[in-house]
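K.L.:
The following block contains a protein sequence and its predicted model.
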Amino acid sequence: MDKSVIDINFFATAAEDLKRYYGLAKHQAWDVQELSWGKIAPVPEGHGSEAKRERRQAMWRSVVTQQLQADELAAQVSLQLLMTVGDYEARLYYSTMAQDEARHYEAWLRLAKESGGACEPDPYLDKLGKLTMSADTLEEKVWLLQVAYEGLVIPRFHQIATAAPGTILAEICNKLSVDDGIHHGAGVVYERLLLSRATNKTKRGIVLLTKEMWPLFVQHLSWRPRERAWATELMHDHDREMVRSHTAEVLRLGSEFDLDLDLST
Ligand SMILES: [Fe+2]
Ligand SMILES: [Fe+2]
């Protein structure tokens, strides 16, 4: 078959897929008001001595603060994407994603307030935010935000929800795992379409940016706020295993797009 016919077919399939994700996002849209505010605990209350309860509280506050930071980044980058994409179906889709991310930010903001206020921000997440927002190309932004970060965060939402049953935190994580499943799926489809039209220089740009991003991401994975720094030594093996599994997952995602990534740190 003629290459231009293949390209047209490929574009039509990607456009259909994006329209499907747009419909799914509209169907799944929810309101922060629907959460059980005031009826259940915001985060697990814990038991034992006061000092022990305070330590647990500090841990949950840092979980909430990191998610607030992550959705601040997602809200800003999804708006950049909405304003940059040219394809009609992609623009429709990003209009829903920008709304989702603003809603996620709203939910974390309220939960941070309910659980005693945000704590020390993760400096590596801040750096990852700046790197992503200032990425040169659309292909780089979709790859980082939707394919890599959102692909990695979904299992994390399941873990948090399991560790915090019967709380607002678990309710938010369950909602976000569905929303980010849609964002990740749409990102994979759109990145494939973008890369089918991209030059080798653009693809090389993604590989170089990922090489710059990865050491920051690894630092982010094992970062703890000052009051939790004591746990770092205890969690050493756990952190190392988390870095190993995340590295394997990003390499797998990269290979789906024929990206020869270098994740050495
Ligand atoms: Fe989000
Ligand atoms: Fe998202």
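P.N.:
Nice, I can see it. Ligands and ions are numbered 1, 2, ... in the order given.

K.L.:
Leaving out sequence neighbours, find the closest residue to the residue of the chain found nearest ligand 1.
P.N.:
Nearest residue of the chain to ligand 1 (CB to the ion) works out as residue 104 at 3.7 Å. Bear in mind the C-beta positions are built from the backbone N, C-alpha and C, glycine included. Leaving aside its chain neighbours, residue 104 sits nearest to residue 71 (4.2 Å; criterion: CB to CB, 6 or more residues apart in numbering).

K.L.:
So the one you found, which state does it fall into?
P.N.:
Classification of residue 71 using DSSP: H, G, I helix; E, B strand; the rest coil returns helix.

K.L.:
ok, the residue of the chain closest to ligand 1 touching residue 69?
P.N.:
No. Counting by CB atoms under 8 Å, residue 104 does not reach residue 69; the two are 11.6 Å apart.

K.L.:
ok so, going back, could you report the separation of the residue nearest to residue 104 from residue 63?
P.N.:
13 Å (CB to CB, to the nearest Å).

K.L.:
What of residue 182?
P.N.:
With CB to CB as the criterion, residue 182 and residue 63 are 23 Å apart.

K.L.:
repeat for residue 127
P.N.:
In this view, residue 127 and residue 63 are 19 Å apart by CB to CB.

K.L.:
who has more neighbours, those two?
P.N.:
A side-by-side neighbour count of residue 127 and residue 63, using other CB atoms under 10 Å, places residue 63 first with 20 against 16.

K.L.:
Grab the nearest non-local neighbour of that one.
P.N.:
Leaving aside its sequence neighbours, residue 63 sits nearest to residue 160 (CB to CB, 6+ apart; 6.4 Å).

K.L.:
just the CA coordinates of the helix or strand containing that neighbour, formatted as PDB?
P.N.:
Here residue 160, judged by DSSP states H and E, is contained in helix 150-163. C-alpha atoms of helix 150-163 as PDB (Å, rounded to 0.1, in the frame of the first residue of the first chain):
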ATOM      1  CA  GLU A 150       1.100   8.900  34.600                       C
ATOM      2  CA  GLY A 151       2.100   5.400  33.600                       C
ATOM      3  CA  LEU A 152       4.200   5.100  36.800                       C
ATOM      4  CA  VAL A 153       1.700   6.800  39.200                       C
ATOM      5  CA  ILE A 154      -1.300   4.500  38.700                       C
ATOM      6  CA  PRO A 155       0.100   1.600  40.700                       C
ATOM      7  CA  ARG A 156       1.100   4.200  43.400                       C
ATOM      8  CA  PHE A 157      -2.500   5.300  43.700                       C
ATOM      9  CA  HIS A 158      -3.600   1.700  44.200                       C
ATOM     10  CA  GLN A 159      -0.900   1.300  46.900                       C
ATOM     11  CA  ILE A 160      -2.000   4.500  48.800                       C
ATOM     12  CA  ALA A 161      -5.700   3.600  48.600                       C
ATOM     13  CA  THR A 162      -5.000   0.100  50.100                       C
ATOM     14  CA  ALA A 163      -2.800   1.600  52.900                       C
END
